[in-house]
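K.L.:
quick one, what's the 3D model for this:
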Amino acid sequence: MKHRTILLAIVALCAALVAPGAPAAVPDQTVLQESVVVSANVIRLGDLFSGAGKRANDTVAYAPAPGKRAVFDSRWLYRVARAYGLKWRPLTLKDRAVVERASTTIGRDEIESRILEALIDNGVSADVDVRISNRMLKIHVPEDAEAVIEIEDIAYNPRTRHFTSIVSAPSHNSRPQRLRVTGRVFLMREVPVPTRRVLADEIIRDTDIEWISVRADHLRRDTIMHADQIIGKSPRHSVRAGQPIRVREVRNPVLVPKRSLVTILFKKPRLTLTAKGRALDDGSDGQVIRIANAQSNTVIEATVVGAHMVAVHTPDLLATNPE
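P.N.:
The predicted structure follows:
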């Protein structure tokens, strides 16, 4: 009986040890955080190690600048762990922690926009565009700071169109970043361009035109600058939407296509003579083109006066039909 009681006690103890839901007694573990993003200007022990306990909020290093990162190697991390009584040691010398400072980014477009405003305030024409020299420039400000920049100083040379400025961010901060930013100013021109792809020999209407700003140094000498040079014209070849058009790319609409049949007219008071012919050239209104007389096959020159209609100034060589 005594042995049976002891056996039951052992079984009950084992069942209690393996019962589901029973918490395991696991000692606190310190684990290195290999990749960390911080918002503050300092790095705390708990940023680098989980399981840091009561010392987790202790400051151990300065954080990098906003948008930058700092790398802490295994030796430095081991010294910090020992100094704060953490049970951690590197597994290899390659162990490290990378800490990045969270930030808000002010991009190039915003910087150029603020510089343009400053230039206009200093008397520069508003019909310009600003390009800073460092095309990759970005300004990182603390995540909790206002993402606003200020132009503290700017100098502009109207002859070379170059400028030098001092940019600070965040604005109205007691310790802002200050950067020297240089660049150039470009004159801009308003240019009429198609709103859609216009095919060859289509007539361009006023509804097919919009205006865009283009750098003057990007325009060719024969670029069309006035809408009346485009409206009512036809492209010699198709033109793309949003692209400036050159003078040689458009012409008056073709009223007489090459190889088409035409009516040849000779008009005098009370007399109209007509003949049939075939156009040897494309012809627009008022343009002189070559026509082959359909009966005599003689080639003459005639002036385009309408769709599939040309006129001559002498009745010679016409096979006439009085009307």
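K.L.:
against Ser133, how distant is the closest residue to Arg161 other than its chain neighbours?
P.N.:
What sits nearest to Arg161 in space, not counting adjacent residues and going by CB to CB, 6 or more residues apart in numbering, is Val185, at 4.5 Å. (Each C-beta comes from the backbone N, C-alpha and C, glycine too.) Separation of Val185 from Ser133 (CB to CB, to the nearest Å) stands at 12 Å.
K.L.:
one step back: which residues does the residue nearest to Arg161 bridge with?
P.N.:
Note on Val185: beta-bridge partners Val130, judged by DSSP bridges.
K.L.:
now do the contacts for it.
P.N.:
Residues counted as contacts of Val185 (CB atoms under 8 Å, 6 or more residues apart in numbering) are 119, 124, 128-130, 156, 161-163.
K.L.:
could you flag which of those are buried?
P.N.:
Neighbour-count burial (16 or more other CB atoms under 10 Å) applied to those gives 119, 124, 128, 130, 156, 163.
K.L.:
let's see which of those end up in helices.
P.N.:
Leu119 (DSSP state H).
K.L.:
quick one: secondary structure of Arg248?
P.N.:
helix (DSSP: H, G, I helix; E, B strand; the rest coil).
K.L.:
cool, and Asn57?
P.N.:
coil.
K.L.:
mind listing the residues bridging to the closest residue to it other than its chain neighbours?
P.N.:
Leaving out its chain neighbours, the residue that sits closest to Asn57 by CB to CB, 6+ apart is Arg44, at 5.4 Å. Beta bridges link Arg44 to Thr59 when assigned by DSSP bridges.
K.L.:
for Arg44, give me its contacts.
P.N.:
Contacts of Arg44 (CB under 8 Å, 6+ apart): 56-60.
K.L.:
now which of these would you call buried?
P.N.:
Val60.
K.L.:
that older thread, and which of the contacts of Val185 is nearest Asp281?
P.N.:
Nearest to Asp281 out of the contacts of Val185 is Asp129 (CB to CB; 44.0 Å).
K.L.:
now for the residue lying closest to that closest one once chain neighbours are set aside: which residues touch it?
P.N.:
Closest residue to Asp129 apart from its sequence neighbours, by CB to CB, 6+ apart: Phe186 at 4.8 Å. Taking CB under 8 Å, 6+ apart, we find Phe186 in contact with 128-131, 161, 215-217.
K.L.:
which SSE is Trp88 in?
P.N.:
Assigned by DSSP states H and E, Trp88 belongs to neither a helix nor a strand.
K.L.:
now do the buried residues in stretch 140-152.
P.N.:
140-143, 145, 147, 149-151.
K.L.:
sorry, slip of the keys, the one I care about is stretch 228-242.
P.N.:
Buried residues in stretch 228-242, defined by neighbour count with 16+ other CB under 10 Å: 230, 233-235, 239.
K.L.:
list of residues touching it?
P.N.:
So stretch 228-242 is in contact with 192-206, 209, 212, 224, 245, 247-254, going by CB under 8 Å, 6+ apart.
K.L.:
restricting to C-alpha, output it in CSV.
P.N.:
Coordinates of each C-alpha in stretch 228-242 appear next as CSV, following Å, rounded to 0.1, in the frame of the first residue of the first chain:
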residue,chain,number,x,y,z
ASP,A,228,-1.7,81.2,-85.4
GLN,A,229,1.3,79.5,-87.0
ILE,A,230,-0.2,76.1,-86.2
ILE,A,231,-4.0,76.5,-86.2
GLY,A,232,-5.4,75.6,-89.6
LYS,A,233,-2.2,73.9,-90.7
SER,A,234,-1.5,70.2,-91.3
PRO,A,235,1.6,68.3,-90.2
ARG,A,236,3.9,67.0,-93.0
HIS,A,237,4.4,63.9,-90.7
SER,A,238,2.5,63.0,-87.5
VAL,A,239,3.4,65.1,-84.5
ARG,A,240,3.4,64.0,-80.9
ALA,A,241,1.4,65.4,-78.0
GLY,A,242,3.2,67.9,-75.8
